[in-house]
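Enquirer: got a sequence here, can you model it:
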Amino acid sequence: MRNQLPIALLVLFFTLSVPAQTSPPPAREHFAHADVLYDWVTNHRGEKLRTFITRPHDTAGKVPVIFFVGWLSCDSMEYPDPATRDGFGILIRRLIDESGYTTVRMDKPGVGESQGKCEKADFLSEMEGWQAAFDSMSKYDFIDPGRVFVFGLSNGGGFSPLAARDHPVRGYISGGSWGRTWYEHMLDLERRRLMEAGKSPAEVNTWVKAFTDFYNLYLMKGMTPGQVIAQHPEWKDLWYDSPDGQYGRPAAFYQQLQALNLGEAWQKVTAPVLVIRGTGDNIMNRSDSEAIVRIVNQVHPEHARYLQIEGMTHGFTIDGKFYDELLPTVTNWMKEQLGAK
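Expert: As a prediction, the model looks like this:
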């Protein structure tokens with residue numbers, strides 16, 4: 001009879017013989033006419049935030065760049081699936097592949113490969129990331145710092161000048177965005193939400209009155225929604241989200257949005273501005289978007305243009321399909337700015 005190894009040695013031998021399980025590499029983007037470079041920036045917490053830099057093929061010297069400032073949700077700005085049905089993703093991918101421009105994007109804390117937890121990250125931590133990503137463009141010798149376009153999508157289109165700060169910008173584009181206070185935006189959004197839910201006019205009026213006080217305590221007095229409800233149990237049926245925050249972000253995120261002075265930010269913008277909104281947008285209403293144009297034009301007449309597209313949704317679709325004319329609208333506008341003296 002053969003001598004048998006002790007069970008402990010057999011277990012050790014088996015463990016050493018089996019290859020370690022590793023996570024599959026993340027899916028990556030591929031483009032017909034551009035290469036993707038992956039890099040990092042950091043915020044004050046030391047969190048590494050993933051950046052995506054695309055460079056068009058067959059280019060010599062420095063080329064114009066589109067710097068994207070992203071949305072509110074914890075969704076990545078990387079779109080490895082060329083068949084994505086996300087309107088933001090379709091526009092980003094097509095601009096990368098068809099514009100001939102370099103592009104720069106960033107994933108906020110806790111999104112994709114970026115460190116941190118998105119559901120706990122406040123706005124200031126995210127804002128530092130956008131600013132660091134903007135600063136990082138200076139190290140790429142193929143990016144022309146004199147031909148920078150900033151494209152803010154949804155929430156990002158409201159505060160995008162804060163990402164650029166004092167850096168020169170050739171033009172700003174804001175898609176489905178806001179230029180008022182977050183408090184004003186939310187009251188309009190709640191009214192529209194209640195109406196779309198089929199509430200009677202009397203109910204809508206009653207609930208909006210309550211929301212004016214609710215959001216005052218939440219956004220301006222620094223209370224969480226749960227604390228507001230604890231203080232006012234009569235509003236228990238009013239709230240539909242987390243006691244600690246809203247839309248997957250912490251209460252502090254929105255309190256910091258409310259503290260922004262977008263009037264001050266946009267009145268400092270001297271570059272041309274294109275604000276785009278669809279009439280089917282049920283997130284940002286016309287007053288949200290028009291506010292940017294009015295602020296800019298009050299200080300710098302005719303520098304900002306408001307473009308409203310009939311039937312287009314917040315996600316750049318009409319009847320469930322991406323609005324194809326949006327791409328030439330954006331690229332032609334940028335070419336106009338580059339050709340202007």
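
Enquirer: from Asn282, how far out is Asp86?
Expert: According to Cβ to Cβ, to the nearest Å, Asp86 and Asn282 sit 17 Å apart. (Glycine included, C-beta is placed from N, CA and C.)

Enquirer: for Lys139, that is, sorry about that
Expert: 40 Å.

Enquirer: cool, and Ser174?
Expert: Taking Cβ to Cβ, one finds Ser174 at 17 Å from Asn282.

Enquirer: show me where the stretch 201-341 of the chain has its helices.
Expert: 201-215, 225-231, 251-259, 262-267, 286-299, 326-339 (DSSP state H, counting those that start in this stretch).

Enquirer: okay, buried residues for the last one please.
Expert: Pointing back at helix 326-339 there. 326-327, 330-331, 333-334, 337 (16 or more other Cβ atoms under 10 Å).

Enquirer: tell me which of Asp86 and Asn282 has more neighbours.
Expert: Under the neighbour definition other Cβ atoms under 10 Å, Asp86 and Asn282 were set side by side, and Asp86 has more, 16 against 12.

Enquirer: the more buried one: what's it in contact with?
Expert: Shown in contact with Asp86 (Cβ atoms under 8 Å, 6 or more residues apart in numbering): 79, 315.

Enquirer: the one 4 residues further on now?
Expert: For Ile90, the residues meeting the contact criterion (Cβ under 8 Å, 6+ apart) are 84, 316, 322.

Enquirer: measure Trp178 to Leu189 for me?
Expert: Taken as Cβ to Cβ, the span from Trp178 to Leu189 is 10 Å.

Enquirer: so Leu49 lies in a strand, does it not?
Expert: Yes: counting by DSSP: H, G, I helix; E, B strand; the rest coil, Leu49 is found in a strand.

Enquirer: Pro328 versus the residue nearest to Glu290 when sequence neighbours are not counted, what's the distance?
Expert: Of all residues not flanking Glu290 in the chain, Tyr306 sits nearest, at 5.8 Å (Cβ to Cβ, 6 or more residues apart in numbering). According to Cβ to Cβ, Tyr306 stands 18 Å off from Pro328.

Enquirer: now Tyr38
Expert: Distance of Tyr38 to Pro328, computed by Cβ to Cβ: 29 Å.

Enquirer: cool, and Ala202?
Expert: 47 Å.

Enquirer: Tyr215 too?
Expert: Taken as Cβ to Cβ, the span from Tyr215 to Pro328 is 40 Å.

Enquirer: ditto for Arg191
Expert: On the measure of Cβ to Cβ, Arg191 and Pro328 end up 35 Å apart.

Enquirer: before we move on, what about Glu98?
Expert: Taking Cβ to Cβ, one finds Glu98 at 9 Å from Pro328.

Enquirer: swap in Glu113?
Expert: 33 Å.

Enquirer: quick one: low-confidence residue ranges for the protein.
Expert: Applying pLDDT under 70 to the chain flags residues 1-23, 341.

Enquirer: show me it divided up by domain.
Expert: Using automatic domain parsing, the domain parsing of the chain gives 34-180+261-339, 182-257.

Enquirer: distance between the ends of the shortest one?
Expert: One end of domain 182-257 to the other measures 6 Å (Cα to Cα, to the nearest Å).

Enquirer: swap in the first one?
Expert: For domain 34-180+261-339, the first-to-last residue distance is 24 Å (Cα to Cα).

Enquirer: how far out from the middle of the chain is that domain?
Expert: 8 Å (Cα atoms, centre = their mean, to the nearest Å).

Enquirer: please apply the same query to the shortest one.
Expert: Here the centre of domain 182-257 is set off from its chain's centre by 22 Å, with Cα atoms, centre = their mean.

Enquirer: need the helices for the stretch 51-200 of the chain, in chain order.
Expert: So, for the stretch 51-200 of the chain - with DSSP H, counting those that start in this stretch - the helices run 87-98, 123-136, 156-164, 182-196.

Enquirer: and those, which is most packed in?
Expert: Highest mean neighbour count among the helices of the stretch 51-200 of the chain (mean count of other Cβ atoms under 10 Å): helix 156-164, with a mean of 24.

Enquirer: what's the angle between that one and helix 182-196?
Expert: Using axes from the mean of the first three to the mean of the last three Cα atoms, to 10 degrees, the inter-axis angle of helix 156-164 relative to helix 182-196 is 160 degrees.

Enquirer: and helix 156-164, what does it pack against?
Expert: Here helix 156-164 touches strand 63-69, helix 123-136, strand 143-153, strand 171-175, helix 262-267, helix 286-299, going by 3 or more Cβ pairs under 8 Å, 6 or more residues apart in numbering; DSSP states H and E.

Enquirer: just name the most buried of these.
Expert: Comparing the helices and strands packed on helix 156-164 by mean count of other Cβ under 10 Å gives strand 171-175 as most buried, with a mean of 27.

Enquirer: what's in contact with that one?
Expert: Strand 171-175 has contacts (Cβ under 8 Å, 6+ apart) with 149-154, 157-158, 160-161, 269, 271-277, 289, 292, 316, 330, 333-334, 337.

Enquirer: give me that answer again for 6 Å
Expert: For strand 171-175, contacts defined as Cβ atoms under 6 Å, 6 or more residues apart in numbering pick out 149-153, 157, 271-276, 292, 337.
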